[in-house]
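> just coords:
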Ligand SMILES: CC(=O)N[C@H]1[C@@H](OP(=O)(O)OP(=O)(O)OC[C@H]2O[C@@H](n3ccc(=O)[nH]c3=O)[C@H](O)[C@@H]2O)O[C@H](CO)[C@@H](O)[C@@H]1O[C@H](C)C(=O)N[C@@H](C)C(=O)N[C@@H](CCC(=O)O)C(=O)O
Ligand SMILES: Nc1ncnc2c1ncn2[C@@H]1O[C@H](COP(=O)(O)OP(=O)(O)OP(=O)(O)O)[C@@H](O)[C@H]1O
């Protein structure tokens, strides 16, 4: 390769090696394109030194390799070469198949936006003679008698706060855990009053230089990476559960004419959750659980739960513009113009007194004509659902229909337009909110947890 990054000239993406130093808590993940320089990402667990015993140390190696393989997606995407190699260790069919899914679907939005077709292109090398195994029945990892403790991912938004309060209500021991240096997440975590764990992650600095030099760039499945980091942390720190807060709506993408479904949040969906949970039990530790506590709930059901607590009103934000690694952040916690701000405002409105909601956002997004196109897209009215973490279009339509019937909301610009223009075109669609609030039976929550929580969520 020349000095400048030549994405078309790259032939091979290499997983060079990975290692963990228990004395410092630093995990090192190394990659390269062809014979180019090593791209080294680090993940630092606080609380070192660690001294994992024999079986735990073996499980940590497996979890670290999984993290190495999953986190490689940030670098692979820079050139999407047709050849992938793993230098330091071998993987079997089942592992390769999991990674092919994560890369193909997790880079779905990236491929669509870059006009690339990755189908059939992403193939991880398999060790010879390694047949694929089935899911649950075939566990070969031992149980490690982990401490009964949940590492709960916190993202600074409403979803993880709903999970944290639900686990608290159910009396389950938890540590709230996050990756990266966000002050907003740190403040929310402190506000919970629970033990906290902040894991640092440094991407290889060369990636940003490659981006400047014309590397392919775009969305990556960040939840898959965060999940792999927390699974590794659970093994090292001795916790039997890694809990995320991905609602059922996350399994549905945007329907793009001529392309089909593209899901921005694929790694928050049920297919990824099942695949990763099965992999961890089978390959890392039979008693390590990975699940989403909010999987049975729709976005509207999560919003209803969140509205019951006001403890976080002045602290939380779901606006992703707060979470850039580089570059500008909004001057207030809610930018007020992005799809997440639009959706969260709309989803909370049916369940919160209007002055409280307007107080949280500092403005009324539904009484602003400039926001009409944003709300049209959320309802899939003459547009597709935005590439963002927002609920299903039928949830947006149901929430809007509920507001259209409320005197305090019905005259606000966006709601009045919905009543006048969109509602008459919806024909016989059931716009009731109640059916969307019923918990779904499809989820991976352990029975011992769900038995304590399903009444809490149904109340
Ligand atoms: C905050 C955000 O939305 N970032 C997305 C944005 O990135 P941008 O270029 O504006 O800047 P940075 O976030 O500072 O990232 C700098 C570059 O680094 C690359 N990168 C970052 C993290 C990583 O793990 N790997 C990376 O390669 C990135 O490509 C940047 O060039 O636009 C990017 C391109 O579309 C997105 O990839 C950035 O998304 C972040 C990875 C991110 O954390 N996003 C979450 C807020 C997010 O979208 N969460 C989803 C969950 C989706 C999922 O499948 O897990 C959600 O809440 O819907
Ligand atoms: N920096 C992070 N570290 C660890 N987990 C994170 C981080 N950011 C997000 N998550 C987790 O990823 C999942 C998806 O994030 P998402 O942004 O949807 O959730 P949220 O921030 O809790 O709520 P909201 O949807 O209101 O933004 C959640 O389980 C969240 O806790």
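Alright, I've got the coordinates. These numbers were taken from a predicted model, which means no experiment stands behind them. Ligands and ions are numbered 1, 2, ... in the order given.
> Excluding covalently adjacent residues, which one is nearest to the residue of the stretch 251-400 of the chain found nearest ligand 1?
Using Cβ to the nearest ligand atom, the closest approach of the stretch 251-400 of the chain to ligand 1 is made by residue 389 at 2.7 Å. Quick note: C-beta positions are derived from backbone N, CA and C, even for glycine. Of all residues not flanking residue 389 in the chain, residue 265 sits nearest, at 5.1 Å (Cβ to Cβ, 6 or more residues apart in numbering).
> hang on, the one you found packs against residue 222?
No: using Cβ atoms under 8 Å, residue 265 is not in contact with residue 222; the gap is 9.4 Å.
> who has more neighbours, those two?
Using other Cβ atoms under 10 Å, the more surrounded residue of residue 265 and residue 222 is residue 265, with 24 against 16.
> distance of that one from residue 224?
11 Å (Cβ to Cβ, to the nearest Å).
> same thing with residue 382?
Distance of residue 382 to residue 224, computed by Cβ to Cβ: 32 Å.
> Show me where the stretch 251-400 of the chain dips below the pLDDT cut-off.
254, 327-331 (pLDDT under 70).
> now the helices: where do they sit in it?
Applying DSSP state H, counting those that start in this stretch to the stretch 251-400 of the chain gives helices spanning 270-279, 299-307, 339-348, 354-361, 372-378, 393-404.
> of the ones you listed, which approaches ligand 2 most closely?
Evaluated over the helices of the stretch 251-400 of the chain, closeness to ligand 2 peaks at helix 339-348, with 6.1 Å, by Cβ to the nearest ligand atom.
> Please list the outside residues in contact with that closest one.
157-158, 299-300, 302-303, 306-307, 318-320, 334-335, 357, 360-361, 365-366, 371, 374-375, 377-378, 386, 388-391, 395-396, 399-400, 403 (Cβ atoms under 8 Å, 6 or more residues apart in numbering).
> Give me the subset of these that also touch ligand 2.
157-158, 318, 389 (Cβ under 6 Å from any ligand atom).
> Between those residues, which sits nearest residue 234?
Proximity of those to residue 234 (Cβ to Cβ) peaks at residue 157, which lies at 22.0 Å.
> Could you report the pLDDT at that closest one?
Listed pLDDT for residue 157 reads 94.
> Then the one 5 residues further on?
Predicted confidence (pLDDT) at residue 162: the value is 97.
> ok, now how distant is it from residue 40?
Applying Cβ to Cβ, one obtains 36 Å for the distance of residue 162 from residue 40.
> Counting neighbours, what do you get for residue 425?
8.
> do the same with the one 5 residues further on
As a burial measure, the neighbour count of residue 430 was computed by other Cβ under 10 Å and equals 12.
> Doesn't it belong to a strand?
No: with DSSP: H, G, I helix; E, B strand; the rest coil as the criterion, residue 430 is coil rather than part of a strand.
> which SS class is residue 41?
Assignment for residue 41 (three-state DSSP): strand.
> Likewise for residue 14?
Under three-state DSSP, the three-state class of residue 14 is strand.
> Same check on the one 10 residues further on?
Here residue 24 is recorded as coil under three-state DSSP.
> Spit out the contact partners of it.
By Cβ under 8 Å, 6+ apart, the contact list for residue 24 reads 44, 48-49.
> Show me those that map onto strands.
Among the contacts of residue 24, the ones falling in strands (DSSP state E) are residue 44.
> Can you lay out the contacts of residue 24 as JSON lines showing distance to residue 283 and neighbour count?
Formatted as JSON lines, the contacts of residue 24 follow (distance: Cβ to Cβ, whole Å; neighbours: other Cβ atoms under 10 Å):
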{"residue": "44", "distance to residue 283": "24", "neighbour count": "15"}
{"residue": "48", "distance to residue 283": "25", "neighbour count": "14"}
{"residue": "49", "distance to residue 283": "26", "neighbour count": "9"}
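> If we only consider the contacts of residue 24, which is nearest to ligand 1?
Of these, the one sitting nearest to ligand 1 (Cβ to the nearest ligand atom) turns out to be residue 44, at 15.3 Å.
> which non-adjacent residue is nearest that closest one?
Leaving aside its sequence neighbours, residue 44 sits nearest to residue 200 (Cβ to Cβ, 6+ apart; 4.3 Å).
> Nice, that's everything, thank you.
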